[in-house]
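Trainee: Dropping the sequence and predicted coords here.
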Amino acid sequence: MTFQFSVLASGSTGNAFYIESDQTKLLVDAGLSGKKIDQLLNEVNVDPKTLNGILVTHEHADHIKGLGIVARKYNLPIFANEKTWKAMENSIGKLSVDQKFHFGMETVETFGDMDVESFGVSHDAAEPMFYTFHKNNKKVALVTDLGYVSERIKKTVENADAYIFEANHDVSMLRMGRYPWNVKRRILGDTGHISNEDSGLALSDIIGNQTKRIYLAHLSQDNNMKDLARMSVDQILKERGINVDLFDTDPKTPTAMYNVATEKYLSV
């Protein structure tokens with residue numbers, strides 16, 4: 001059975017996520033140039049021509065920069081909720097009517113042999129939502145760009161086999177850093193991004209006996225470091241008696257393709 005994914009790029013400069021099953025190949029967000037998206041997919045041995053569609057989380061540029069370009073080039077359908085469509089229409093260029101699909105908030109859509117569940121997050125966008133992916137009792141949860149992790153989100157994403165989970169900033173680095181105060185306040189607020197500590201605390205509530213690995217995602221280039229994020233989250237989990245493998249993501253380099261079904265890597 002195939003149920004595998006790669007975090008193609010993650011961070012404030014651009015985000016893209018790829019997941020495939022035996023029958024379906026999906027891209028989530030296209031927040032880099034079309035050329036870079038092609039390159040990242042090729043690095044994990046995926047031909048962009050074989051994609052079945054693109055899911056959108058929200059309209060911020062680091063999630064949709066190359067969306068229109070990739071969709072037009074490969075004639076791909078795009079799935080987003082109504083408010084996100086309205087918010088991003090002027091940014092992604094012309095698309096044909098048969099490329100535009102609505103994916104409602106808090107709903108489940110089936111793509112071939114994969115079920116995708118959407119859930120709302122607290123972020124300063126029109127109607128931001130992220131996704132959990134399901135196949136044969138296996139579950140992958142994509143959770144970034146949120147100011148806090150609500151109980152509803154925890155319930156939706158609990159006990160996933162793998163998490164791609166935000167650890168955006170170290171609070172001390174952010175407070176001491178060069179950002180103007182209004183930007184710091186936005187990041188620290190309930191519609192901003194979660195810190196390493198908040199990430200660890202939330203994960204400690206949702207990790208279950210199925211959980212094998214966590215990818216720490218959307219790290220700030222200015223206010224975080226991979227080692228620091230990993231150490232901070234790991235310390236909180238270990239204090240609560242939780243041992244799980246933590247992995248880095250990168251703004252320019254994809255993670256190795258990992259098959260959740262077999263718990264094996266398919267590419268490096």
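Mentor: Thanks, I have the structure now.
Trainee: quick one, what contacts the residue of the chain most remote from its centre?
Mentor: Here the chain reaches farthest from its C-alpha mean at residue 176, the gap being 27.3 Å by C-alpha atoms, centre = their mean. Residues near residue 176 by C-beta atoms under 8 Å, 6 or more residues apart in numbering: none. Glycine gets a C-beta too; all of them are placed from N, C-alpha and C.
Trainee: can you pull the contacts of residue 244?
Mentor: Applying C-beta under 8 Å, 6+ apart to residue 244 gives the contacts 207, 211, 212, 213, 214, 237.
Trainee: let's go with 10 Å and repeat that
Mentor: 163, 203, 204, 207, 211, 212, 213, 214, 233, 234, 237, 238 (C-beta atoms under 10 Å, 6 or more residues apart in numbering).
Trainee: Please tell me how far the fourth one sits from residue 159.
Mentor: Look at residue 207 and residue 159: by C-beta to C-beta, to the nearest Å, they are 7 Å apart.
Trainee: Repeat that for residue 131.
Mentor: In terms of C-beta to C-beta, residue 131 sits 16 Å off from residue 159.
Trainee: What are the boundaries of the strands in the stretch 151-268 of the chain?
Mentor: Using DSSP state E, counting those that start in this stretch, the strands assigned to the stretch 151-268 of the chain run over residues 162-166, 213-217, 245-248, 258-259, 264-265.
Trainee: Reformat those as TSV; add mean pLDDT and distance to residue 65.
Mentor: Below are the strands of the stretch 151-268 of the chain laid out as TSV (pLDDT from 0 to 100; distance: least, C-beta to C-beta, whole Å):
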stretch	mean pLDDT	distance to residue 65
strand 162-166	98	19
strand 213-217	98	17
strand 245-248	98	22
strand 258-259	96	25
strand 264-265	74	28
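Trainee: Could you export the ones you listed as a markdown table, including distance to residue 226 and mean neighbour count?
Mentor: Output for the strands of the stretch 151-268 of the chain, formatted as a markdown table (distance: least, C-beta to C-beta, whole Å; neighbours: other C-beta atoms under 10 Å):
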| stretch | distance to residue 226 | mean neighbour count |
| --- | --- | --- |
| strand 162-166 | 14 | 27 |
| strand 213-217 | 8 | 24 |
| strand 245-248 | 5 | 16 |
| strand 258-259 | 18 | 20 |
| strand 264-265 | 19 | 11 |
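Trainee: Where do the helices of the stretch 101-250 of the chain begin and end?
Mentor: 151-157, 171-176, 181-188, 196-206, 226-239 (DSSP state H, counting those that start in this stretch).
Trainee: Redo the strands of the stretch 151-268 of the chain as CSV? Include distance to residue 56.
Mentor: Shown next, in CSV, are the strands of the stretch 151-268 of the chain (distance: least, C-beta to C-beta, whole Å):
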stretch, distance to residue 56
strand 162-166, 16
strand 213-217, 17
strand 245-248, 24
strand 258-259, 23
strand 264-265, 28
